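[1] Let's see this in three dimensions:
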Amino acid sequence: MNVSELLRLLQTEHDETATRAGNLREQIERLTTALAETEARLVELAATRKVIDGLTPPDHAPAPAETATATVYQRIVSTFNEHPEKVFRVRDLHEHLGLPTDEPSINVTRSRLGRLVRQGLLAQPGRGRYQKRT
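    The predicted structure is shown next:
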């Protein structure tokens with residue numbers, strides 16, 4: 001195999017890899033958009049549920065999972081209200097709230113914080129950092 005043939009093979013592999021990288025970037029962009037739209041819909045559904053729950057007679061008790069989720073959101077928002085200038089990382093927030101620090105729990109909280117950022121309650125001054133919006 002001579003040098004020109006080796007360079008041609010290298011260029012071919014480079015072109016194929018660049019095309020694959022471009023396709024993956026497009027797929028990530030589509031998935032990111034779909035995720036943002038789905039999370040926004042979840043927020044809308046939660047707000048609708050809250051309004052309906054407010055209109056429901058007092059004898060209606062929310063399901064335990066609904067209460068637990070609402071309580072976690074309330075604790076998160078309360079923590080940021082109590083420490084408006086403090087910038088929290090997700091793991092630090094978990095430790096502050098006494099929540100589990102395993103990766104699945106951290107990821108759920110990261111999603112919750114992302115929703116609160118999109119709702120305008122929190123700011124994200126840096127990657128993985130959150131604080132109360134001023």
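[2] Give me the pLDDT for Pro62.
    For Pro62, the model assigns a pLDDT of 52.
[3] so after the lowest-mean-pLDDT helix or strand in the chain, what's the next helix or strand?
    Counting by mean pLDDT, DSSP states H and E, the chain has its least confident helix or strand at helix 64-82, which shows a mean of 74. Helices and strands here follow DSSP states H and E; after helix 64-82, the next one along the chain is strand 88-89.
[4] and the next helix or strand after that following strand, what does it pack onto?
    Of the helices and strands lying after strand 88-89 in sequence (DSSP H and E), the nearest is helix 90-97. For helix 90-97, the packing partners by 3 or more CB pairs under 8 Å, 6 or more residues apart in numbering; DSSP states H and E come out as helix 64-82, helix 103-118. In short, each C-beta sits where N, CA and C put it, glycine included.
[5] Need the nearest residue in space to the residue positioned nearest the centre of the chain, chain neighbours excluded.
    With distances taken as CA atoms, centre = their mean, Ser111 lies nearest the centre of the chain, 2.7 Å away. Residue nearest to Ser111 in three dimensions, not counting chain neighbours: Glu39, with 7.1 Å by CB to CB, 6 or more residues apart in numbering.
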